[in-house]
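Enquirer: Structure here, sequence nowhere to be found:
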C-alpha cells in the first residue's frame, strides 16, 4: 500500500505544495519520494502511476468541501473543540469559505475530485497540526506544535520525532520546510486511517453528497 501526504497550497502558489510518498506496513512508513512545488498535473500523474502498482491512500491538508451558506462545517466545529483540548489555538481551524481559505478550498476540492476517480485510490481530508498534537508527548506538544512553522528548532524536533514514530528513510535535514513536515504529518494521518491494523486518533465520516471525503487525524 502507498500512503501519500499532501500539504496543499492555493492554486497560484505551487511552490508551497509538498507531497510525501511512503510505502507502508503495520509498524512503519518507508519513504519512497518527496515532491515540492507540485502542480495539479504533477499530483494527478504521480497518484495515477502509484495506483497502477498498488492501493493508494491520500491525505490532503486542505478543506475538501464547504458548508452550503458558508461558515463552519459540522466537522470544523468538532475538530476545533478537539484541537483546543490538545492545546492548539482555535484559529488553526478556519471555515473553508473564509476569504483567506477559499482558494485553497477550491483547489482541494478539484484535486480530490480528480483523484477519487482513479481506481485503487482513496482520499481523506487531514489536518497535520492536529495529527501531530494528538501523537507527540503532551509535555512537548504545545510548544513545538505551536511554533514549528516559524521555529527551526521546533521543526527539527518534530522531524526527529517522526523518525522515532516509524517514518524510515527520512532525515531531519530532508525536512527543511514546514510544508514537507506537514506533508509527512498528512501521511501519518492517512496511514492510521488506511491501514487495517492501525486506528485514527480522531475521525469524522464522510457525509455525501455535500461532504464526500472522510476526515482523519
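Expert: In hand now; what should we look at? Keep in mind the model is a prediction, meaning the values are calculated, not measured.

Enquirer: list the contacts for the closest residue to residue 89 other than its chain neighbours?
Expert: Leaving out its chain neighbours, the residue that sits closest to residue 89 by CB to CB, 6 or more residues apart in numbering is residue 146, at 7.0 Å. For glycine as for every other residue, the C-beta is placed from the backbone atoms N, C-alpha and C. By CB atoms under 8 Å, 6 or more residues apart in numbering, the residues touching residue 146 are 87-89.

Enquirer: What about those residues, which one has the most neighbours?
Expert: residue 88 (23 neighbours; other CB atoms under 10 Å).

Enquirer: quick revisit: please report the distance of the residue nearest to residue 89 from residue 155.
Expert: 12 Å (CB to CB, to the nearest Å).

Enquirer: ok, how many other residues are close to the closest residue to residue 147 other than its chain neighbours?
Expert: The shortest distance from residue 147 to any non-neighbouring residue, by CB to CB, 6+ apart, is to residue 154 (4.2 Å). A count of neighbours around residue 154, defined by other CB under 10 Å, yields 19.

Enquirer: residue contacts, residue 154?
Expert: 143-144, 147-148.

Enquirer: Can you tell me how far it is from residue 202?
Expert: Counting by CB to CB, the gap from residue 154 to residue 202 is 22 Å.

Enquirer: Next up, the contacts around the most centrally placed residue in the chain.
Expert: The residue lying closest to the centre of the chain (CA atoms, centre = their mean) is residue 186, at 2.7 Å. By CB under 8 Å, 6+ apart, residue 186 lies in contact with 5-7, 20, 59-61, 126, 128, 131.

Enquirer: Among those, which lie within strands?
Expert: Cross-referencing these against strands under DSSP state E gives 5-7, 20, 59-61.

Enquirer: Narrow those to those that are buried.
Expert: 5-7, 20, 59-61 (16 or more other CB atoms under 10 Å).

Enquirer: Now flag whichever of those residues is closest to residue 209.
Expert: residue 60 (18.6 Å; CB to CB).

Enquirer: can I assume the closest one is in contact with residue 113?
Expert: No - in this structure residue 60 lies outside contact range of residue 113 using CB atoms under 8 Å: 11.4 Å.

Enquirer: Need the residues touching each of those two.
Expert: Contacts common to residue 60 and residue 113, judged by CB under 8 Å, 6+ apart, are absent.

Enquirer: Now for residue 8, how many residues are close by?
Expert: So residue 8, with other CB under 10 Å, has 28 neighbours.

Enquirer: wait, what's in contact with it?
Expert: Contacts of residue 8 (CB under 8 Å, 6+ apart): 17, 60-62, 104, 107-108, 111.

Enquirer: which one of the contacts of residue 186 sits closest to residue 194?
Expert: residue 59 (8.6 Å).

Enquirer: show me the contacts for the closest one.
Expert: 3-6, 124-126, 186-187, 189-190, 193, 216.

Enquirer: Could you do residue 148 as well?
Expert: 154-155, 157-158, 178, 181.

Enquirer: do residue 92 as well
Expert: Counted by CB under 8 Å, 6+ apart, residue 92 has contacts 83, 127, 129-130.
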